[in-house]
Structures are given as structure tokens and as C-alpha cells.
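[1] Sequence and predicted structure below; questions after.
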There are 2 protein chains.
Amino acid sequence: MTGTPVAAVVAVGSELLTLGRTDTNSPYIAARLQQRGIRVAFTSVVTDELANLTEALSHALSRASLVVCTGGLGPTDDDRTRDAAAAVLGRTLHEDAAVVEAIRARFGRRGLAMPVINRRQALVPAGGLVVPNERGTAPGLWIPADDRAVLLLPGPPREMMPMLEHALDTLVGPRFGVGTAVQRALVIAGRSESWVDEQAQPLYAAWRDEHPPVATTILASAGVVELHLSAHGPDPAALGLRLDAALAALAARFGDDVVNTDGASLEATIGRLLSARGWTVAAAESCTGGLVTARLTDVPGASGWVDRAAVTYSNTAKIADLGVTPELIAAHGAVSEPVAQAMAEGLRARAGVDVTVAVTGIAGPGGGTPDKPVGTVCFAVSGPDGSQVRTVRFAGDRAAIRAFSATAALDLLRRYVVEAAP
Amino acid sequence: MTGTPVAAVVAVGSELLTLGRTDTNSPYIAARLQQRGIRVAFTSVVTDELANLTEALSHALSRASLVVCTGGLGPTDDDRTRDAAAAVLGRTLHEDAAVVEAIRARFGRRGLAMPVINRRQALVPAGGLVVPNERGTAPGLWIPADDRAVLLLPGPPREMMPMLEHALDTLVGPRFGVGTAVQRALVIAGRSESWVDEQAQPLYAAWRDEHPPVATTILASAGVVELHLSAHGPDPAALGLRLDAALAALAARFGDDVVNTDGASLEATIGRLLSARGWTVAAAESCTGGLVTARLTDVPGASGWVDRAAVTYSNTAKIADLGVTPELIAAHGAVSEPVAQAMAEGLRARAGVDVTVAVTGIAGPGGGTPDKPVGTVCFAVSGPDGSQVRTVRFAGDRAAIRAFSATAALDLLRRYVVEAAP
């Protein structure tokens, strides 16, 4: 290994620079390269005019030993990435008979003749290697040049992603001595990103000095925090053991805040827990307006554990559908722990399910009071072990309060199911 | 105006090249520039090491007459954009007393003393102009150089966006003769993106030859299609009239598929329609699992028109909560127009609302049959003018089928309310 290789990523396509057509490939490729220990100097999105594209590739090659390019490998006139790369590297293009046959066979399987223009996709620069594309007609190309290399990949993400992994393992890794990458993920709920980060730092610091180093990333989305661990090197089995130990240390540190250690979503984890116990669930939602149930039913097979939900936005609905008494609402207000508990218990009695979760709160922008400002949300969960209630005050706008409330409701449900006597 | 100016956009920040921290600024800035008639040759995301950043700015200036740079204007050691721009343009930096005072006042309003490191944010290159930042401490900088110019903006989008608009109007426009931009948006539901595009093409083609040209963009998301129109030039009032005429032509072409001509969401439009009639709504959802109601209640003030929803995932819940008879389910299946209609009518009778909408379908991946494959979804709407039913077969995965189904349900509701006798 001769120092850390430096890479540049170029996404090609004039349409990627217009409203609403954001390039997602270059950040993805940059992150995957960095996880392998390849430093990325820059990513760029360039228009597909040949002159502009040629200049961009030439500039990238002057700055990086590895240039990964995505897009512009289609069969039409504005697909010029092959031509630009060949021009910059001073290579001629020749038609590869095996690639022509592969493209022809791909059309044949759909009962179609190969259009003539698709022959362009079989052009390979002298000294280049074809990277097979299992999901489309455009093959990738790997073009080594002195101590540098250019990797051309198609633009559609579902074609590009597996080709990138294949190329990293079989071409980039051996050439630049970066080995393979192994990853793990730990999912945490009910804690802020900054708190999780602070708690994890002492562990991270220790790992940084070890060999191989464990790279860590923290991602947070509406109350769910993910810790991603990765390591790269020549021995995947040893890396796996190293990361499993790191994962176990984090899991011990975060205790029952840990949702799972396999990167699954909070709602999928709840599905597994309910399914294992043979329990069914129902939700009573006010301010979240269906978001809790939408997430519970986002999981394939959810009909096996989700029975129903009552979205009771009005007080009338809370009374009629959940059996909350008008007196209780009058005494405590619709946003209160007693009402949340009555919603959960009322729904459990009516639906005949094992466990229920209820949410009532003030998502704003209107409706706040000095006592109960916007962001005040009350939760309840009810099941065979009785009921639990909780109140949280969330910051942010209506969308943020609703999203964080849905996560908090799901996490309260998760903890109840985990702790319930078997 | 001397030809179309060419721009390059550079987003600065090493963190933008790591997992989960995608840069959203450079695509936004590129789209806004293109809407003004400024061609964008490329965008780039670069690490914040000074040498790399300097090279990136130097390269951008060699390719473009306008370089817009975002990020790296903070007070810390890794905020080097000011230094890099000054170095590339051969300018010295001096501290601007007025900027120091503005930053000090900003801290003062929060009862804080200005940290010493924030003085860095008051450094201005010779010949540079300060672009005020109403929402943060980092001012922007405008640095003209010969026939070119560099615009430096801070990284946080909520600070950057209004500063960009201000700079486009007052600095970029006058210097490059691009005038101001005016925009309109038309929202369509119930039609595919490709169908809408095909219908709009003849109108687009005519506009392209007119002066000033009307630029068009189509955006689609889960069954909602938006047509964005923009024009740029020296006279905003004339542009507005031109776009209003274009909008009227599109609105006439698409008839009652048009949700609105002001760019509001489908659910906000429904809220306005219900509110204007003084109607309340309730939803009965099966396969969408709460998504319809989550969208209806996403609109501030939704408690004024949303009464409740029953998410009846199980047949037991459809029978108990909506009064659907077991015989009807046995005769037609839970996914059928008669059951959708019974759900809508049952909920309307129970909730006492003006209008109800119901969805029942097969989101997959399991549950499909030869007769009713995955993606089959039945809808009903019920109100003072009676009930309407509809069946659609959607393509795609579980998430896509659920999202498109929610839009279709909302659009059926919208059309019913629009058509109802006043």
C-alpha cells in the first residue's frame, strides 16, 4: 500500500443540473470509496457536451489517481462519456464482439431485436476492461493508465450500485491495495444524536488507535439514530470479528436504547418482536394523524400483527371511537396523560388486541397555551402488564413534531413489548 | 447582454463527502441560476483543505465567468473559503469594522459576547462587497474580477437561500445582464408524468419561439405532477403577464385534472376546498395504513376539517369499526369496490361527517391472486351527492403502491368536493 489513494467522482448529465433532478450517485460513490479508505478530493456534476466532459475528466485525472465516472454510457448521441475518456487517455475505441452479443441477448430475452444505436455501448477503449452490467445494456469500463485508473459506470443507481461493489472488490482493491470493506450498524431510539455521539466518543477514540481502524458514522432521522461502523483490509473474516466486538461494546453502552444491531428500521424491529410473541397491535392517534400506523404498516407482512388504528382528531371521535369520557377531557384537556391512557385502554378493550399505543399532542403552529405549548405530546401504551404514560416536549415545526412524535410512540411500544413478561 | 453567461458552483466541506451528509446546496444553486438563463457548466463538492479548495476555485474560475461558492465561511480553522478565494484572485483580506459590529450585535441580541474567533467572519478581500446575512453570523462576499465574479455564500441552506436571491437580483443580474426571474407552478393529479408531458409539449414548443422564452420543468412524485414555468428578463410585470397566459393555457388543456395553479400541495388544496364549504372529512384506510390521513393532517389547521380516520387493517376491524358485513366481504373479497363503498358509507354514518374516502387494496409483496394481483386497489368516496367507486392497478413495490394509492384517494376526494353541488 503506497499511501492513501485519492479519488475524484464525476457524474455526467446536463439534466442533473436542472430543477428537481438531483444527482444521488456521486455522494453515494464518494461515501463508498471513503469507507474503503480511499480519500475523495472532490465530486462533480458536469453537463454532457463533449468538450465540457473532456475537460472535466482531464481535470479530475490531474488531481486524483482514481476517477470514477457515472452516467453518459447510454446509446444516444448525448451519451459521450466513452468518447471523452478515450480522448483524455489517448486511446482508440473498438467494438467488443462479446459485448455486442451480450446486449443482443438482453434484447432477445424480451423478444426484441437490438437497435443499431446500441452497438455504441459495445465500444471499448484500447487497454480497457468490461465491467458486466446484470441490470441494463450499458456495460461499465475499467481503464488503467500508468499509476492511475478510470472507472466508467452507467447512471441508473440500480445498475451502478452492484457494478461499483464488484469493481471495488475485483479491480480497485487489488490495484490500489485497499482490500475489502466490512460494515455493521446499530440502531438507537429515544435519544438525541448529540447525546449518542457524546456517549460513543470514548469508545470511538480507543478504536481509532487500533489496527485496522474502525471508521464510524452517525446518522439521525426524526428520533432514530444509526451508528455505522466500517473497516477495510485484506481479511474480511478478521474485520468482521473486529466490528462485532465494537458493536457489542456499543450495544452494552446503550443498553435498552438499542433497537437492533442489524440496521433494520424501528417499525420492522417492532414487527419482529410482536410476531415472535404472537401479539397484535392497534394505535390511537391524534396529532400524528396516522403516521404511527403508516410506519407500522410500511413493513411487509404487517397484516400479521397490525389490527387497526383510530385516528381521532376531534374530541367527538375520541369519545365515540375510544370511549374517552367528556368529563376526562374537560378535567385534563385532550392533550394530557390521563386522556392518552384512556385512548390506549379504550382502544384495547374495543379492538381486543394484545397491546395498544396512543398519542395526543399539539403539533402547531396553532393550539399552544402557556401550560401546554406547541410541541407538547402525551403518549400511552397499554397491554397485559398494564399501562404506561409519558409526556415529551418537542422542538421544531409541525412536520418535525409529528415525525418525532411518531418515533417516540413506536419506541414506547417497542420498550413495552421487550420488557413484557414472556 | 453579451451571450449566455456560464457559471460553476462549488460546495465546500469535507463532511459533505461522507455517508449521509449529501450536499443539497449545489443542485439548488445550479437550478436557480439556470432558471435565470445562466448556463451551469458544472457543480462540485470539495474537501475543505486549503490547497484542495484553492485548486478547485482556480479551476472553476478558468471555466466560468461566475463562480458561486457555498460553505466554509464559519469562524473555525477549517473554514477556509475566504482565504482560498483571496489567494486565487490575488487579493488581501482586511477586517471590515461594520461587519464586526453586525456580528457583535447579533451575539448581543442573545445576551452573549462575541467570541474572538468570529472576527474571522469580518474579513473582506480587497475590492469585495459584503452580502448581508439576516439569519446567521457569516456574511456573504461578492468579488468582481475583470469580466468575472465570485460569490461566496454560507453553507446553512436557510441562510444561503435568501442571500442567493438577493445577490441574483442586485449583483449577478446587473453585472451579467440577466434580469429577474418570475415563476409559476401548476399542480396536476390523476395523470402520469409521461402523459402530462406529452400533452404539454405542443404548448411548450410554441412558447420556445416566443420572446421572452418560457422555460418549463416537470416534476412528479407519487401521482402528483407539477409543471413549473419560469421566465427571466428586465421587466418582471411583463414576465408575470406572459407566464399567467401560459398558465391559463395549460390549465385549460388539463381541465379538472388541475389541482391548483399556485403550487400548493394536493392536501392543502383539499383543506381549502373543504374549509370553503364548511365540510368535515373522515377516512377509512386499509392498505394505505394511515398515509391518507397523515397527509390530510399534515396541513396546519387540519383540525378544522379532519374529524377522524379508521385504519381497518383486519377484516374484524372493517366489520366492527365501519359496519361492513361479513357477508359482503365473503361475497366480493376485502379488496373490492362494494367493500370500499361500504367502508366509506359506514364511516360516514358513524362519524356524522360530510364526506368520507375509503381505500382497500393489496400493497404486497404477498397477498396477490391471479384475479387481484399485487397493486390492485379499490377506492370509494361518499357524501351528500352519493357514493363513487374506482379501481386502479398500480405498478411498483409496496412503498410505491401505498404512496400512489394515498394520492389517488386524495384526488378522488378532491374531485368529489369540487364537483359537489354548492
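    That came in fine, so what should we check first? Because the structure is predicted, anything quoted here is derived from the model rather than measured.
[2] can we go C-alpha only for contacts and neighbour counts from here?
    Noted.
[3] Could you check how far A:Thr54 is from A:Leu61?
    Using C-alpha to C-alpha, to the nearest Å, A:Thr54 is found at 11 Å from A:Leu61.
[4] Please disregard the earlier target; I meant A:Ala11.
    Counting by C-alpha to C-alpha - A:Ala11 and A:Leu61 are separated by 14 Å.
[5] Between those two, tell me which one has more neighbours.
    Neighbours per residue (other C-alpha atoms under 10 Å in any protein chain shown) separate A:Ala11 from A:Leu61, with A:Ala11 holding more: 32 against 19.
[6] distance of that one from chain B?
    10 Å (C-alpha to the nearest C-alpha, to the nearest Å).
[7] Bridged to the residue lying closest to A:Gln35 once chain neighbours are set aside, which residues?
    Leaving aside its sequence neighbours, A:Gln35 sits nearest to A:Ser230 (C-alpha to C-alpha, 6 or more residues apart in numbering or on different chains; 6.5 Å). Taking DSSP bridges as the rule, A:Ser230 bridges to A:Gln183, A:Ala215.
[8] What of A:Ala149?
    A:Ala149 forms beta bridges with A:Leu66, A:Pro144, as assigned by DSSP bridges.
[9] same thing with A:Arg393?
    Bridge pairing for A:Arg393 - DSSP bridges - gives A:Thr376.
[10] give the contact list for it.
    Contact analysis of A:Arg393 by C-alpha atoms under 8 Å, 6 or more residues apart in numbering or on different chains lists A:Gly375, A:Thr376, A:Val377.
[11] List of residues touching stretch A:303-314?
    Taking C-alpha under 8 Å, 6+ apart as the rule, stretch A:303-314 contacts A:271, A:274-275, A:278-287, A:289-290, A:293, A:296-297, A:318, A:321-322, A:347, A:351, A:353, B:293, B:303, B:306-314, B:317.
[12] next one: stretch A:151-163
    A:11-12, A:25, A:66-74, A:81-82, A:131-136, A:138-143, A:164.
[13] Next one, pLDDT for A:Leu410 please.
    As predicted, A:Leu410 sits at a pLDDT of 98.
[14] wait, I meant A:Arg308
    In this model, A:Arg308 carries a pLDDT of 96.
[15] cool, A:Ala400 as well?
    Per-residue confidence (pLDDT) for A:Ala400: 92.
[16] how many other residues sit next to it?
    17.
[17] Assign it to helix, strand or coil.
    helix (DSSP: H, G, I helix; E, B strand; the rest coil).
[18] Which residue is the nearest non-sequential neighbour of it?
    A:Ala222 (7.1 Å).
[19] who's in contact with that neighbour?
    A:Ala222 makes contact with A:Ala400, A:Ala403, A:Phe404, A:Thr407, according to C-alpha under 8 Å, 6+ apart.
[20] Roughly how far does it sit from A:Gly190?
    Distance from A:Ala222 to A:Gly190, by C-alpha to C-alpha: 10 Å.
[21] do the same with A:Met114
    Counting by C-alpha to C-alpha, the gap from A:Met114 to A:Gly190 is 55 Å.
[22] which one of those two has more residues nearby?
    Set A:Met114 next to A:Gly190 and count neighbours by other C-alpha under 10 Å: A:Gly190 wins out with 19 against 16.
[23] and A:Ala60, how many neighbours does it have?
    Here the number of neighbours of A:Ala60 (other C-alpha under 10 Å) works out to 24.
[24] Quick check: closest non-adjacent residue to it.
    A:Ala8 (6.0 Å).
[25] which residues pair with the one you found across the strands?
    A:Phe42, A:Val67.
[26] okay, the contacts of A:Arg393 in a markdown table with neighbour count and pLDDT next?
    As requested, the contacts of A:Arg393 are exported to a markdown table (neighbours: other C-alpha atoms under 10 Å in any protein chain shown; pLDDT from 0 to 100):
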| residue | neighbour count | pLDDT |
| --- | --- | --- |
| A:Gly375 | 25 | 96 |
| A:Thr376 | 23 | 97 |
| A:Val377 | 29 | 98 |
